[in-house]
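J.: Coordinates for the following, if possible.
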Amino acid sequence: MKRKVIISSALILLLIGCVSLVAYQSLNSNEKVEQEEKANEEKIYQDISTLSIENNENVVLNYQKEFNNTDIIAELSIENTDLVTPVVKGSDNEYYLNHLLDKSRNSLGSVFLDYRNNVDDRKILIYGHNSENVYTEFHLLENYLNEEYYYNHDDITLKTIDNTYNYKIFSVYIATTNLQHVNLNFTDDEYYEHLNWLKSNSIYDTGVTIEPNSEILVLQTCYFGIDNSYVIIAAKKI
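T.: You can find the predicted model right below:
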């Protein structure tokens, strides 16, 4: 993804050579199959993630019908980008790590809401894969590490069956060992402290203020610049 033998017989050497050749060919064949399977998996992912759905007031219902999946609960988009993606919610945070919108198994997964959340909670978490080889929906979140990118792409929209929510990004940072951003249970005082903590960790000042009752959306994806780290985007409802 050797064999070390010392032999004196030329005949056995020849036999070993033939066996080694067969094994080498078999290994190459297995690698080829794995590469083909990976390429097919990536193609299926791209076909589904770029599927055009009629964008109207019932867009979420259209997604549900298209993929025969009522786990689809919203559509997430970012202004001035090509990010327009359905959001699913499973019964845990594992299933959609490796399943697509049609529930077919695929290591590239889907963009999903934390199973502990409802879309109208004061803080919601949405996760999505990043990849060094495939352009996933959340790959573009890395662009926010450049402050200039932020100023033209600071608005996020979340559409549900019944409502449309608009958010303004107030914090961008890389999470490594401190993963407080995934916490959801707070008292009111703790919640405001948490909002300030998210803002204080931003790698640049967005100029967006937060209030004790600000409702927020947090996006998370993997970051390959540092081992075991994540790009975190926090936005407040406006």
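J.: any weak-confidence spans in this protein?
T.: For the chain, the stretches with pLDDT under 70 are 1-57.
J.: run the last query once more with 90
T.: The chain contains residues with pLDDT under 90 at 1-58, 132-135.
J.: Only the buried residues of the longest strand along the chain, if you could.
T.: Counting residues, the longest strand found in the chain (DSSP state E) is strand 164-175. In terms of neighbour count (16 or more other Cβ atoms under 10 Å), strand 164-175 has its buried residues at Y165, Y167, K168, I169, F170, S171, V172, Y173, A175. Every residue, glycine included, has its C-beta placed from N, CA and C.
J.: Could you export those to TSV, including columns for distance to I216?
T.: Shown next, in TSV, are those (distance: Cβ to Cβ, whole Å):
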residue	distance to I216
Y165	11
Y167	8
K168	10
I169	10
F170	8
S171	9
V172	13
Y173	14
A175	15
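J.: Out of the residues you listed, which comes closest to N93?
T.: Taking Cβ to Cβ as the measure, N93 lies nearest A175 of those, at 15.9 Å.
J.: helix or strand for the nearest residue to the closest one once chain neighbours are set aside, which one?
T.: Excluding the flanking residues, the one nearest A175 by Cβ to Cβ, 6 or more residues apart in numbering is Y230, at 4.6 Å. Taking DSSP states H and E as the criterion, Y230 maps to strand 229-237.
J.: Kindly format the C-alpha coordinates of that strand as CSV.
T.: Taking C-alpha atoms only, strand 229-237 is exported to CSV below (Å, rounded to 0.1, in the frame of the first residue of the first chain):
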residue,chain,number,x,y,z
SER,A,229,-6.2,20.7,14.1
TYR,A,230,-9.4,22.3,12.8
VAL,A,231,-10.4,25.5,11.1
ILE,A,232,-13.2,27.1,13.1
ILE,A,233,-15.6,29.8,11.7
ALA,A,234,-18.0,31.4,14.2
ALA,A,235,-20.8,33.6,13.0
LYS,A,236,-23.6,35.5,14.8
LYS,A,237,-27.2,35.6,13.6
